[in-house]
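**Q** Everything below, folded, please.
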Amino acid sequence: MDSRTTALILVGYQNDYFSKSGILRGVIQEPDRVDTVLSSTLALIERVADSSMPIISTPIVLDPGYEQGGAHLLLG
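**A** Next up, the predicted model:
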């Protein structure tokens, strides 16, 4: 992987999902795996932090007109 031509993009890494008391943690299909995903992601960030690789993080924001099964997600 060439850090000059690669970016790490993190979408939806929000406390609502990743905190043990997060209000959306229970909607994740396998909530027990959340801690493993977070740990692996933090290890990856530490690995590339000193490189020239851009790290981009964006939350998931629901469109005000969001309805189950029909709306678009806005990446903020």
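
**Q** elements contacting the lengthiest helix in the chain?
**A** Assignment by DSSP state H gives helix 34-48 as the longest helix of the chain. Contacts defined by 3 or more Cβ pairs under 8 Å, 6 or more residues apart in numbering; DSSP states H and E place helix 34-48 against strand 8-11, helix 15-18. Every residue, glycine included, has its C-beta placed from N, CA and C.

**Q** Take the ones you listed and write them to CSV, including mean pLDDT and mean neighbour count.
**A** As requested, those are exported to CSV (pLDDT from 0 to 100; neighbours: other Cβ atoms under 10 Å):
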stretch, mean pLDDT, mean neighbour count
strand 8-11, 94, 14
helix 15-18, 85, 16
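
**Q** Quick check: the closest residue to residue 57 other than its chain neighbours vs residue 24, distance?
**A** Distances taken as Cβ to Cβ, 6 or more residues apart in numbering put residue 10 closest to residue 57, at 4.3 Å, once the chain neighbours are dropped. Distance from residue 10 to residue 24, counting by Cβ to Cβ, to the nearest Å: 16 Å.

**Q** returning to what we had before: of all the helices and strands packed on helix 34-48, which lies closest to residue 41?
**A** Across those, residue 41 has its closest neighbour in strand 8-11 (7.0 Å, Cβ to Cβ).

**Q** Parallel or antiparallel, list what pairs with the closest one.
**A** strand 55-58 (parallel) (DSSP bridges).

**Q** what pLDDT, on average, does the partner strand get?
**A** Taken as a whole, strand 55-58 carries a mean pLDDT of 93.

**Q** Residue 38 against residue 19, yeah?
**A** No: applying Cβ atoms under 8 Å, one finds residue 38 not in contact with residue 19, separated by 9.6 Å.

**Q** Go ahead and confirm residue 28 touches residue 34.
**A** Yes: at 6.1 Å, residue 28 counts as touching residue 34 under the criterion of Cβ under 8 Å.
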